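1. task: produce atomic coordinates for the following.
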Amino acid sequence: MRVTVADLVAIGPGKVALLEAIRDHGSISAAARSLAMSYRRAWVLLQEINQSMRRPAVLSEHGGENRGGSTLTPDGEAVIRLYRAIESQAAAACSKEISALLKLLA
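-> Below is the predicted model:
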């Protein structure tokens with residue numbers, strides 16, 4: 001599932017996976033590595049997410065004694081929770097159609 005705002009995919013499976021990886025790893029660079037994604041790509045996706053939202057999904061601290069890091073905001077956590085709930089409900093509601101579609105795929 002993808003949610004668009006104007007011409008931008010605001011939230012989709014890759015962006016939700018990135019938010020989950022940032023939550024799990026505590027930094028954009030570690031999240032990117034865990035997803036076999038370049039830091040630049042992760043940064044661009046994160047900028048798109050934050051620009052699409054009323055409040056940022058991720059807050060980052062730069063450098064310093066603890067070498068910075070990134071954390072999800074409550075809105076970022078809500079995006080993950082809501083997206084996964086919608087995904088689960090859609091899969092359950094469409095299980096017959098998904099099964100028929102899978103039979104057409106190699």
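2. any idea which element the most centrally placed residue in the chain lies in?
-> Centroid-nearest residue in the chain: residue 16, 1.8 Å away (criterion: C-alpha atoms, centre = their mean). Taking DSSP states H and E as the criterion, residue 16 maps to helix 13-25.
3. what helices and strands are in contact with that helix?
-> Applying 3 or more C-beta pairs under 8 Å, 6 or more residues apart in numbering; DSSP states H and E, one finds that helix 13-25 contacts helix 28-34, helix 39-52, strand 69-72, helix 74-93. Where C-beta positions appear, they are placed from N, C-alpha and C, glycine not excepted.
4. right, and those - which one's nearest residue 8?
-> Of all the helices and strands packed on helix 13-25, it is helix 39-52 that lies closest to residue 8, at 6.1 Å by C-beta to C-beta.
5. could you give the angle of that closest one to helix 13-25?
-> Using axes from the mean of the first three to the mean of the last three C-alpha atoms, to 10 degrees, the direction of helix 39-52 lies 100 degrees away from that of helix 13-25.
6. in helix 39-52, what's buried?
-> 42, 45-46, 48-50, 52 (16 or more other C-beta atoms under 10 Å).
7. need the residues you listed in TSV (columns: distance to residue 23).
-> Formatted as TSV, these follow (distance: C-beta to C-beta, whole Å):
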residue	distance to residue 23
42	13
45	15
46	12
48	18
49	13
50	15
52	18
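8. tell me which of the residues you listed is nearest to residue 59?
-> Closest approach between the buried residues of helix 39-52 and residue 59, by C-beta to C-beta: residue 50, at 9.5 Å.
9. give me every residue that touches that closest one.
-> Taking C-beta atoms under 8 Å, 6 or more residues apart in numbering, we find residue 50 in contact with 56-58.
10. fine, thanks again, bye for now.
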